[in-house]
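Predicted model follows, preceded by the sequence.
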Amino acid sequence: MRTTSVDVVQIPTRGPGDVSGLVNLIDAGRIDPTSILAILGKTEGNGGVNDFTREYAVAALSVALARYVDLPPHDVEQKIAFVMSGGTEGVLSPHLTVFARTAINGGDPDGAASGKRLGIGIAHTRDFMPEELGRGAQIEETAKAVRAAMADAGIDDPSDVHFVQIKCPLLTSERMEAGLARGQKTVTTSAYASMAYSRGASALGVATALGEIGGPIRDEQVLKDWNLSSSVASTSAGIELMHNVVIVLGNSNASASPFVIGHGVMRDAIDAAAVIAALNSVGIGLDEIADPAARSRLVNIFAKAEASPDGLVRGRRHIMLDDTDISSTRHARAAVGGLIAGLAGTGAVYVSGGAEHQGPPGGGPRYRLGEDRR
């Protein structure tokens, strides 16, 4: 029985506070605001600790949507999962991707859908204490939330999960001092390093929930044991929250969506073959991308990017980790973003930096995409 349908719309933005495209589509009847479940966005900040474009975008969206869903702005953030990723280096183009889910009364009587179709579910962890970030508590709570989001999406089989997007917190000096005041030591005293620990622990929570890792994970394995990873996790740290927001995307028999999703795992930052394989997984050939009609079937590509920690890409030295002027995550986003944009024929793709425990070291980026089969 197909009980839900999922719609996906990508909207370009002129800045982190630009909500006009979304509002126009709502006013035109293209999007039902009450059905919006999640919004993922790329904003043109630096992607670092002090990237307030993420918080600005969420605030602008919450205020804009409040009148449509009859809730105060703060409560909109509890109803809709917002994940903003800062950094649109190179050819990456700022945009929003809106996911809306509606119930189908009486199932799918027309039988318009066949096979498994796009399903989406969301869940939230509890708020974390500063000393819990990057450690077992964050891993365990994330795993619980992933399982809850799978159930919400109508997905029973972990192999049907193709993308788990998580927004997770980071440590500021104030948060670290709060922990110390209670006699608790945080996993790191660096705000920037805390982003990696939070992303890594969150990714390991995904791997635990989906059975990609067997057995318990020790605190000392986070950011140390690179054999532990998830092939479908995408985690992004931000200053604007203290809990994890979990979004699960996969294919489900309970969905009558016109979209499907697939994924592939890159072994390094220039693995074009993995991007092509991801396109092929949803029925899009590379030769079709040149055709505007075929390209319109591709809603978005979501990817993770990181500088290879051993300083090499296929045996050649890179300097991303040694550049004191530009963060390695910004280098990686620009490089991977350019690769994907060239293959996909558009810079409006979602590339997030920092791929700790999200695929193989130096590869980490993996790709998921929605395809319109109507």
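Looks like it came in fine. Numbers count the residues shown, from 1 in each chain.

and the residue positioned nearest the centre of the chain, bridged to which residues?
Centre of the chain computed as the mean C-alpha position; nearest residue by Cα atoms, centre = their mean is Gln165, 3.3 Å away. Counting by DSSP bridges, Gln165 is bridged to Ser234, Ile247.

Would you mind listing the residues in contact with it?
40, 83, 234-236, 246-247, 249, 302 (Cβ atoms under 8 Å, 6 or more residues apart in numbering). No exception for glycine: its C-beta is placed from N, CA and C like everyone else's.

Now with 6 Å, please.
83, 234, 247 (Cβ atoms under 6 Å, 6 or more residues apart in numbering).

out of those residues, who has the most neighbours?
Within the contacts of Gln165, Ser234 tops the neighbour count with 34 neighbours, counted by other Cβ atoms under 10 Å.

Neighbours of Gly347, how many?
19.

typo on my end, it should be Ile319
11.

and the closest residue to Ala201 other than its chain neighbours, how many residues sit next to it?
Using Cβ to Cβ, 6 or more residues apart in numbering and skipping residues adjacent in sequence, the residue nearest Ala201 is Gln138, 4.2 Å away. Applying other Cβ under 10 Å, we find 28 residues neighbouring Gln138.

Also Asp75?
Asp75 has 13 nearby residues by other Cβ under 10 Å.

Which secondary structure element is home to it?
helix 73-79 (DSSP states H and E).

Only the buried residues of that helix, if you could.
Of the residues in helix 73-79, those buried by neighbour count under the rule 16 or more other Cβ atoms under 10 Å are 73, 76-77.

helix or strand for Leu249, which one?
Judged by DSSP H and E, Leu249 forms part of strand 245-252.

quick check, Ser5 in a helix?
No - according to DSSP: H, G, I helix; E, B strand; the rest coil, Ser5 belongs to no helix; its state is strand.

Give me the nearest residue to it, chain neighbours excluded.
Leaving out its chain neighbours, the residue that sits closest to Ser5 by Cβ to Cβ, 6+ apart is Ala256, at 4.6 Å.

Now the phi/psi pair for that neighbour, please.
With angles defined as degrees, to the nearest 10, Ala256 sits at phi -110, psi 20.

neighbours around it, how many?
By other Cβ under 10 Å, the residues close to Ala256 number 23.

ok, it to Ala103 distance?
When distance is defined by Cβ to Cβ, to the nearest Å, Ala256 is 10 Å away from Ala103.

for Asp156, same thing?
19 Å.

and what of Ile80?
Relative to Ala103, and taking Cβ to Cβ, Ile80 is found at 17 Å.

the more surrounded of these two?
Ile80 (23 against 8).

List the residues that contact that one.
Ile36.

So what does it look like in phi/psi?
phi -110, psi 140.

can you pull out the helices in the stretch 201-350 of the chain?
According to DSSP state H, counting those that start in this stretch, the stretch 201-350 of the chain carries its helices in the segments 272-281, 292-295, 328-344.

Go through the first one and flag the buried ones.
For helix 272-281, the neighbour count (16+ other Cβ under 10 Å) marks 274-279, 281 as buried.

With pLDDT and distance to Ile326 as extra columns, can I get those in TSV?
Listed next are these as TSV, based on pLDDT from 0 to 100; distance: Cβ to Cβ, whole Å:
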residue	pLDDT	distance to Ile326
Ala274	92	25
Val275	92	24
Ile276	92	29
Ala277	91	30
Ala278	90	28
Leu279	89	30
Ser281	88	33
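
so how many other residues sit close to the closest residue to Val164 other than its chain neighbours?
Spatially, and ignoring its direct neighbours in sequence, Val164 is nearest to Val206 (4.8 Å; Cβ to Cβ, 6+ apart). Using other Cβ under 10 Å, Val206 is surrounded by 30 other residues.

just Asp219 next, same as before
Around Asp219 there are 15 residues (other Cβ under 10 Å).

again with Ile326
Ile326: 13 neighbours (other Cβ under 10 Å).

Okay, it and Glu288: tell me how far apart.
For Ile326, the distance to Glu288 - Cβ to Cβ - is 35 Å.

So Ala307 sits against Ala332, correct?
Yes - with contact defined as Cβ atoms under 6 Å, Ala307 and Ala332 form a contacting pair (5.0 Å).

So which residues of the protein form strands?
Along the chain, counting by DSSP state E, strands occupy 4-12, 36-43, 81-86, 95-103, 117-124, 161-169, 233-238, 245-252, 259-265, 298-305, 312-313, 316-317, 350-353, 366-372.

For this structure, which residues score under the pLDDT cut-off?
Residues of the chain meeting the criterion pLDDT under 70: 106-113, 293-294, 362-374.

Quick check: Gly45 touching Asp51?
Yes - using Cβ under 6 Å, Gly45 makes contact with Asp51 at a distance of 3.6 Å.

Quickly list what's touching both of those two.
Joint contacts of Gly45 and Asp51 (Cβ under 6 Å, 6+ apart) are Gly86.

The nearest residue to Val76 once chain neighbours are set aside: neighbour count?
In space, and not counting its chain neighbours, Val76 is closest to Ser62: 4.2 Å by Cβ to Cβ, 6+ apart. A count of nearby residues for Ser62, using other Cβ under 10 Å, gives 22.

List the contacts of Ser62.
Contacts of Ser62 by Cβ under 6 Å, 6+ apart are 73, 76-77.

Including distance to Leu170, could those go into TSV?
Formatted as TSV, the contacts of Ser62 follow (distance: Cβ to Cβ, whole Å):
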residue	distance to Leu170
Pro73	23
Val76	23
Glu77	18
